[in-house]
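>>> Structure, please.
(3 chains)
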Amino acid sequence: MDAEVRGCGSAIQVSSDQEGMDIRRGPWTDEEDSMLKNYVTINGEGRWNSVARCTGLKRTGKSCRLRWLNYLRPDVKRGNITLQEQLLILELHSRWGNRWSKIAQYLPGRTDNEIKNYWRTRVQKQAKQLKCDVNSKQFRDAMRYVWMPRLIERIRAMATPKSQCLDGPTNTYCSDLPLNNQTQLIPNQSHAPMSSGLAEPYLRPAISSTSSDSSEARVSSDLTNDLPCGNYIEISQNESGLIQQGLDIQTYDDQHIDGWFGGGDTLDSFWDYQDQNMWFL
DNA sequence: AAGGAGGGCAACCGCACTTTT
DNA sequence: CAAAAGTGCGGTTGCCCTCCT
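Next up, the predicted model:
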């Protein structure tokens, strides 16, 4: 039996659980936020049902957990998804599909919910506009061979005015990813299951490298294993200290790409559309 | 200026898995 | 070992805001 209480311009739903206790739903208030934040700061994460009971919050444990993870946690990053993050999302999704929490482990400060929303609102919208299924080969190929290289181009363009950073036409690009020498991509521990405490950086110096004297550090093997069709991101650091991102991309000429979109005109309009929407560029 | 449409995002739901008792 | 409780995760919903007409 639910009752709806309207206040402050938003709907707060109150229902009764088995014990007759009122359960609040809907948007969290500042007061609730501070109650939850204070409790977790003192007592740590976990035991979310207890949190709900001990704080006097009339919320379910699940609701408390979600609020903390997606909003109140101190390391939650706000603001737009960066180009590098977009590229990573595309890459990891091509590998793992809708494993949002797993993908989120590689994007520090981003929540699975945020990434999921990003995918649904941006990427799926593009698929819809192109009148193809987001899981179709056509769409995945467009991501892999058109959008991702284009993203990398943009990252490179934004990151460096330096010509030495370009490795010619060999599909090696650079960006300003904040990586240290001998960098390895590590999942963000703060998103790991049953984690506690502060987030660790998701990028750490590599413990070892197969090529001892090489300054290159490829994305960890866990990330690169089984990547589709020889398409992978390689992160390395050149002598200037700038990070190079190489994408092993098969070369597709315009004619091939035209095949996906039915000819030059269609492709042109496709790019026009992309430029208008700017969702990843 | 007003109303409608669509997008973005926070929050909820249900199920599956893990841990505890 | 089984049941209950707790937790995690992906899918979905609905509200609010912005843009367009």
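>>> show me where pLDDT drops low in chain A?
A:1-21, A:161-281 (pLDDT under 70).
>>> Close to DNA strand B: what parts of it are there?
Within chain A, the residues that sit near DNA strand B (C-beta under 7 Å from any atom of the strand) are A:24-28, A:59-60, A:62-63, A:66-67, A:70-71, A:113-114, A:116-118, A:120-122, A:125, A:194, A:279. For glycine as for every other residue, the C-beta is placed from the backbone atoms N, C-alpha and C.
>>> Among the residues you listed, which ones lie close to DNA strand C?
Within the residues of chain A next to DNA strand B, those near DNA strand C by C-beta under 7 Å from any atom of the strand are A:Gly26, A:Lys62, A:Asn113, A:Lys116, A:Asn117, A:Arg120, A:Met194.
>>> Looking at these, which two lie furthest apart in space?
Of all pairs drawn from those, the greatest distance, 28.2 Å, lies between A:Gly26 and A:Met194 (C-beta to C-beta).
>>> circling back: with respect to A:Gly79, which of the ones next to DNA strand C among the residues of chain A next to DNA strand B is nearest?
Nearest to A:Gly79, judged by C-beta to C-beta, of those is A:Asn117 at 14.0 Å.
>>> So what's the residue count around the closest one?
A:Asn117: 12 surrounding residues under other C-beta atoms under 10 Å.
>>> More neighbours: which of A:Gly26 and A:Met194?
Ranked by neighbour count (other C-beta under 10 Å), A:Gly26 and A:Met194 place A:Gly26 first, with 13 against 6.
>>> Which members of the ones next to DNA strand C among the residues of chain A next to DNA strand B are positioned in helices?
Mapping these onto helices (DSSP state H) picks out A:Lys62, A:Asn113, A:Lys116, A:Asn117.
>>> and which of those residues is nearest A:Val40?
Using C-beta to C-beta, those come closest to A:Val40 at A:Lys62, 14.8 Å.
>>> surely that closest one meets A:Trp48?
Yes. Counting by C-beta atoms under 8 Å, A:Lys62 touches A:Trp48, with 6.7 Å between them.
>>> neighbour-wise, which of these two wins?
Neighbour count, other C-beta under 10 Å: between A:Lys62 and A:Trp48, A:Trp48 has more, with 20 against 11.
>>> That one is in contact with A:Cys64, isn't it?
Yes. Under the criterion of C-beta under 8 Å, A:Trp48 makes contact with A:Cys64 at 5.0 Å.
>>> Return the distance of A:Leu57 relative to A:Asp22.
Distance, A:Leu57 to A:Asp22, using C-beta to C-beta, to the nearest Å: 11 Å.
>>> Can you say which helix or strand has A:Glu85 in it?
helix A:83-96 (DSSP states H and E).
>>> do the helix or strand following that helix and DNA strand C meet?
Remark: after helix A:83-96, the chain's next helix or strand is helix A:100-104, criterion DSSP H and E. Yes. Contact of helix A:100-104 with DNA strand C (C-beta under 7 Å from any atom of the strand) involves A:Trp100, A:Ser101, A:Lys102.
>>> Which of those residues sits closest to A:Asn38?
A:Ser101 (26.5 Å).
>>> and the gap between the closest residue to the closest one other than its chain neighbours and A:Leu57?
Excluding the flanking residues, the one nearest A:Ser101 by C-beta to C-beta, 6 or more residues apart in numbering is A:Asp112, at 4.3 Å. Remark: distance between A:Asp112 and A:Leu57 (C-beta to C-beta) = 23 Å.
>>> Pick out whichever of the two has more residues nearby.
Legend: neighbour count by other C-beta under 10 Å for A:Asp112 and A:Leu57, higher for A:Leu57 (22 against 19).
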